[in-house]
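Novice: Sequence and predicted structure, then a few things I'm wondering about:
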Amino acid sequence: MSSAIDPRIEEKPLPPGQNGLPLIGEALQVFGDRNFTIARHRKYGNVFRTRIFKTPTVFVRGLEECLFVLRNEGHYFQNSLPENTRKLFGEHSLANSTGTALAHRRKILSRSFRPRALDSYRKYIEETASRYLRLWAERRDIVMYDELSSFSLDLAWKLFAGIDNASQSEVGKLLKTWFAGLFSFGPIFPGGRAAKAFQARQKLFDFIRQEIDRRRLEDDFGVDILSILIQSRDENGCELSDRAIVDILLNILGAGFGTMTSALTSFFLLVGQHSNVEQKLRAEQDELARAQLPRADTIDRMVYLEATFNEVLRLYPPIAAGFVRVIKECEIAGYQIPEGWIVIWSIDATHLGIENDPNAFQPERFLSSPPTDFIPFGGGMRECLGREYARLEMRVLCSKALAHYEWELPRQDFTMTTLPVPKPKNGLKVRFRQRGEKQ
């Protein structure tokens, strides 16, 4: 694609940075070291360039810079995920959709995340949270990431596709395998994460397609996302194909399961490491309990819990960045960004770019003058549709855990890995018990 270059842009310099090694550039550092981008931003500012394999790539942080990218999709930029990720999501998924197709699919799905729909989800989330918390207290010693993975998996499959107890079934294992390889890069080796993810995707496709056929044959439609998709029409007025339905559903399931598992694990990790925050959270729960208000009313009054969620998402956003390709020469922060280059707009680097002690866990920063550089759910047409669902799930589980249970973190390696989502290297070992129970 060629375009005339605006002479005002042509006069601007390219972003500062370096190309790295022949053939691979700085791919190993980019995907293997979370601190790589942070260090480069400290050195160069909000915009720098590198090379990932053969592709010139620009990293962007900062609210203004990231929103410029997000709000100019279709004009200067085109969504451009890495090849393996793009194929694993599927061409009809929200992650790969653009323009009118993306807008139409978001409109269809938005029904599932409106206040009335969220209210209908609350009872099942409450029941599932209570069941899992009791189970953890009985087991005492658990690996929190694995347990939260099962919790979020059960919720996502039930509420979005009507499937019960998915964590105990083959379909749950398949979704976990698919998600584990979702952000794999480079060649696909037999037996590797990417290869297993593609195999799992095909089996998930077959399973969901059978469910689609059953619902159509039996005229059995509920109010979950799968039923909504089956009965919907695309932007041209045609029924969505089975492949489109599967692609869109897998995208939503992956977000509802994978990103929630990461965010909740980070919550239990950070609160478990900061007793001062834990005490304030418990005091808030105790005060609300004394007020004896209906549960539906109290859950929206948890101000400090909400601030803590925000601080968790600031430090460990489940989705760290987004990828776009430049389709028209443009300027970002005074730098020329050539057509054909890749731009990675960075959420985690944006969050860690604030001036006030960026690496410290301080929920209070969201109580008075919240940081403006805070975009855990993206923006523009890429803003997370399920953001209020995510907050509801976190409020329900974590408020119950704080009110009725306690947890400790035994000595272990707390190093965080980043792919496919942030999580403690060992899954986070936790000693869990009822509140007030002797050790």
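Specialist: In hand now; what should we look at?
Novice: Mind checking what helix or strand follows the helix or strand harbouring residue 100 in sequence?
Specialist: In this structure, residue 100 sits in helix 99-110 according to DSSP states H and E. Downstream of helix 99-110, the first helix or strand assigned by DSSP H and E is helix 115-139.
Novice: That next one versus helix 99-110: what angle between them?
Specialist: Orientation check (axes from the mean of the first three to the mean of the last three Cα atoms, to 10 degrees): helix 115-139 against helix 99-110 gives 70 degrees.
Novice: List the neighbouring strands of the following helix or strand past helix 115-139 plus their orientation.
Specialist: Sequence-wise, the next helix or strand downstream of helix 115-139 (DSSP H and E) is strand 141-143. Next to strand 141-143 in the sheet, as set by DSSP bridges, lie strand 429-434 (antiparallel).
Novice: Buried residues in the strand it pairs with, which are they?
Specialist: For strand 429-434, the buried set under the neighbour-count rule, 16 or more other Cβ atoms under 10 Å, comprises 429, 430, 431, 432, 433. (Each C-beta comes from the backbone N, C-alpha and C, glycine too.)
Novice: tell me which of these is nearest to residue 193?
Specialist: residue 429 (23.3 Å; Cβ to Cβ).
Novice: mind checking how far that closest one is from residue 411?
Specialist: Using Cβ to Cβ, to the nearest Å, residue 429 is found at 9 Å from residue 411.
Novice: For the stretch 251-400 of the chain, which segments count as strands?
Specialist: Listed in chain order, the strands of the stretch 251-400 of the chain (DSSP state E, counting those that start in this stretch) span 321-326, 330-332, 335-337, 342-346.
Novice: Run me through the strand neighbours of the third one, direction for each.
Specialist: The reference is to strand 335-337. strand 330-332 (antiparallel).
Novice: now do the longest one
Specialist: Here strand 321-326 has these sheet partners by DSSP bridges: strand 77-79 (antiparallel), strand 342-346 (antiparallel).
Novice: pLDDT on whichever helix or strand comes after the shortest one, on average?
Specialist: From strand 77-79 onward toward the C-terminus, using DSSP H and E, the following helix or strand is helix 83-89. Mean pLDDT, taken over the full extent of helix 83-89, equals 92.
Novice: starting at the chain centroid, how far to helix 83-89?
Specialist: Between the centre of helix 83-89 and the centre of its host chain there is 16 Å, according to Cα atoms, centre = their mean, to the nearest Å.
Novice: For it, buried residues please.
Specialist: Those buried within helix 83-89 under the rule 16+ other Cβ under 10 Å are 84, 85, 86, 87, 88, 89.
Novice: Please give me every residue in contact with the fifth one.
Specialist: It stands for residue 88. 178, 181, 182, 194, 197, 198, 201 (Cβ atoms under 8 Å, 6 or more residues apart in numbering).
Novice: Could you rerun that using 7 Å?
Specialist: Neighbouring residues of residue 88 by Cβ atoms under 7 Å, 6 or more residues apart in numbering: 178, 181, 182, 197, 198, 201.
Novice: Per-residue confidence, the last one, what does it come out as?
Specialist: Here the pLDDT value assigned to residue 201 is 96.
Novice: So it sits against residue 178, correct?
Specialist: Yes. The criterion here is Cβ atoms under 7 Å, and residue 201 meets it with residue 178 at 5.2 Å.
Novice: circling back to that earlier point, including distance to residue 246, could the buried residues of helix 83-89 go into JSON lines?
Specialist: As requested, the buried residues of helix 83-89 are exported to JSON lines (distance: Cβ to Cβ, whole Å):
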{"residue": "84", "distance to residue 246": "18"}
{"residue": "85", "distance to residue 246": "16"}
{"residue": "86", "distance to residue 246": "15"}
{"residue": "87", "distance to residue 246": "13"}
{"residue": "88", "distance to residue 246": "12"}
{"residue": "89", "distance to residue 246": "11"}
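Novice: hmm, which two among these are most spread apart?
Specialist: Distance extremes for the buried residues of helix 83-89: the farthest pair is 84 and 89 at 9.7 Å, using Cβ to Cβ.
Novice: which phi and psi does residue 157 have?
Specialist: phi -60, psi -40 (degrees, to the nearest 10).
Novice: Skipping adjacent residues, who's closest to it in space?
Specialist: residue 166 (3.5 Å; Cβ to Cβ, 6 or more residues apart in numbering).
Novice: I'd like the distance between the one you found and residue 150.
Specialist: 9 Å.
Novice: Next: residue 161.
Specialist: 16 Å.
Novice: Tell me which of the two has more neighbours.
Specialist: residue 161 (22 against 19; other Cβ atoms under 10 Å).
Novice: Tell me, how many residues neighbour the residue lying closest to that one once chain neighbours are set aside?
Specialist: Nearest-residue entry for residue 161: residue 226, 4.5 Å, with adjacent residues in sequence omitted and distances by Cβ to Cβ, 6+ apart. For residue 226, the tally of surrounding residues (other Cβ under 10 Å) stands at 24.
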